[in-house]
Structure formats: structure tokens, C-alpha cells
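Novice: Next comes the sequence, and after it the predicted model I'd like to discuss.
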Amino acid sequence: MSSSKMLRLILIQHPVSDVKEDNISHVLSLIRKTVAEEKRTSVPILVVLPEFFNCHKFFEKDAEYVPDGYTSKALSGVAKELGIYIIGGSYPERDAQNPKTLYNTCTIWGPKGELLGKYRKLHLFDIEVPGKISFKESADITPGNNFTIVEIGPAKIGIGICFDVTHDEFSRTYRNEGCNFLVYPSAFPLYTGELHWEVYSRARATDFQCYVAMVSATRDFSNSFVSWGHTIVCDPYGQVMKEAGEEEEIIKLDLDFSVVDLWREQLPKFRKRRTDLYECIAKVPTK
Ligand SMILES: O=C([O-])CC(=O)C(=O)O
């Protein structure tokens, strides 16, 4: 096992209250405490947070500019202080050119506190099942238009947010670009969580022979939006490596990316595609 193929992954499943500053300070203290327990080597440390990690899905009042807002500065600061990478879940971003336009945005930070990438959720979650669930993300949020790939040590990471995981062509695009890890900060409600959470994380890992992580907030019935919990990591064979419960929990794992290379050689499904018979898209992602 070569250390150049390794990544130390830390997924933070935490509660989200109504007070943004409290959420951020709690998350920062969890990051500091968890990273302090790590034995530091040359292996990069990547921390991943949930979708809407700093607020509930009340978009307007919590929206911020990126990278000049309060949350960006907090994430950048702690990444620099600890010399780690952070995939900063998501939070509502206010467009700098057009402040009425809001996005559901994931920011990615490097160990110098630098912004490595920004991803705006492409597929917005609208659902109407009478008597069960009613939610319309597209009422408040504008969809993004770009894919985002970041390279961290041996990991070539395709970023999506929550409902994006349900779109196979989306993840296929990242596979076409050579990604070996798909990361989806998420906030599934209980209804789709029960139906789809584990299925989609395993399906994406199986289809694309890559690691997959989906990170949720805790399940809290005192909130108006109740998240599924069950933060999960799957390996390139499609097996669940670790799954959290519903309370606050931190998952720590060492990912070995030589496993992806080996499995793709042993079962070369990507090379076996019948591109003569069906169309294979390959759009080049941009930041
Ligand atoms: O449940 C789903 O399929 C997706 C979802 O909650 C979201 O994107 O917010």
C-alpha cells in the first residue's frame, strides 16, 4: 500500500440549529478536535460536511457571497490553521452580480486556505407526494451550470449535491473525466432517505467503480426539515464501508486509490462500453 495512493477521509455528521453562527462554531470545534487526534503524515486529510451545514433550508436570510462571506472565511481559516482540505458541504450563495439570485453551493478549500473550487447544485429537488412530502427547492434556488472536479493527493473528486446523486448521466460525466471519488454533501428527507439513500450511494460506486461519500446532518425531529442521517461511504465494488446512525457521528476512513485502479483493470467495464451502439457523452467540467 503506497502512501501516495492514500487519502484520510473525515465525514462530519452534526446537528443544524436555527443559528448560523452556532452551527459554524460547533462544526469548527468538531473539525479541530477530530484533526487533533490524527497522526500527521504526508497523507492528505480531507474533511467533508453535509448539505446546508450552517442553516436549514431557509435560503434568503442565510445567503452569503462566496468567497467573501462569513462561512467562506470560517472554512478557509480552519483549513489553513490545520493544513487540511475541506469540502464545505453546502450553503446558500448570493450571486455577486445579481444579489437576488441564490445558489445551493459547495466550496472546496485547500491547506493554505485557498478556494480550490466552487460547485453550484445542478439538479434542484422538487417533490410533491400528497400527504407525505412537499418540497420545491427550485422556488428559491437557481441551478448552476458547471461540473466541478478537484484533485486532492491521489483522489480525483467529482462534486455533486444531494439530488445530483440520482442522475446517472451526471456521475457518468465525472467517470468519463477519470474521477475515482464522487462526493455528495446531502440532506435527504426521511421519505426519500428510506427509499433511496443507500441504493444510490451503492449504485454510483458500482456503476463507476469509484469511492462514493454522501454526508448528511443528524436526524432531528425538532427541526422543520428533518434530515435522514446515515452518512455513508461505499468502496469501488459497491459495498458499504461505513454508515453512521442518526445522531452526531464522525466517520474516519483511509481510502486506498490503488483499489480503484486494480478493480478497473480486473473488471474493465469502462473499456467494454459499446460506444458504436449508444451515445457516450464526455463534457469537460469547468470550475
Ligand atoms: O431526497 C432527494 O432525492 C434529494 C434531496 O433531498 C435534495 O436534493 O435536497
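Specialist: Noted; the coordinates are in hand.
Novice: switch to C-alpha atoms for all contacts and neighbour counts from now on
Specialist: Noted.
Novice: tell me what the strand or helix carrying R32 is packed against?
Specialist: Following DSSP states H and E, one finds R32 within helix 20-36. Contact partners of helix 20-36 among helices and strands, from 3 or more CA pairs under 8 Å, 6 or more residues apart in numbering; DSSP states H and E: helix 70-82.
Novice: May I see the buried residues of the helix it packs on?
Specialist: 71-72, 75-80, 82 (16 or more other CA atoms under 10 Å).
Novice: How far away from the center of its chain is whichever helix or strand comes after it?
Specialist: Downstream of helix 70-82, the next assigned helix or strand under DSSP H and E is strand 85-87. Centroid separation for strand 85-87 versus its chain: 10 Å, with CA atoms, centre = their mean, to the nearest Å.
Novice: What strands line up against strand 85-87, and which way round?
Specialist: strand 45-48 (parallel), strand 102-109 (antiparallel) (DSSP bridges).
Novice: if we can go back for a sec, list the buried residues for the helix holding R32?
Specialist: 20, 23-24, 26-28, 30-31, 35.
Novice: got the CA coordinates for it in PDB?
Specialist: The C-alpha coordinates for helix 20-36 follow below in PDB (Å, rounded to 0.1, in the frame of the first residue of the first chain):
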ATOM      1  CA  LYS A  20     -25.900  30.100  11.700                       C
ATOM      2  CA  GLU A  21     -23.000  31.300  13.900                       C
ATOM      3  CA  ASP A  22     -23.700  28.500  16.400                       C
ATOM      4  CA  ASN A  23     -23.600  25.900  13.700                       C
ATOM      5  CA  ILE A  24     -20.400  27.100  12.300                       C
ATOM      6  CA  SER A  25     -18.700  27.300  15.700                       C
ATOM      7  CA  HIS A  26     -19.800  23.800  16.500                       C
ATOM      8  CA  VAL A  27     -18.600  22.400  13.200                       C
ATOM      9  CA  LEU A  28     -15.200  24.200  13.600                       C
ATOM     10  CA  SER A  29     -14.800  22.700  17.100                       C
ATOM     11  CA  LEU A  30     -15.600  19.200  15.800                       C
ATOM     12  CA  ILE A  31     -13.100  19.700  12.900                       C
ATOM     13  CA  ARG A  32     -10.300  20.900  15.300                       C
ATOM     14  CA  LYS A  33     -10.900  18.200  17.800                       C
ATOM     15  CA  THR A  34     -11.000  15.400  15.200                       C
ATOM     16  CA  VAL A  35      -8.000  16.600  13.300                       C
ATOM     17  CA  ALA A  36      -6.000  17.000  16.600                       C
END
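Novice: related to what we said a few turns ago, the ligand: which of the strands paired with strand 85-87 is closest?
Specialist: Using CA to the nearest ligand atom as the measure, strand 102-109 is the one of the strands paired with strand 85-87 that comes nearest the ligand, at 9.7 Å.
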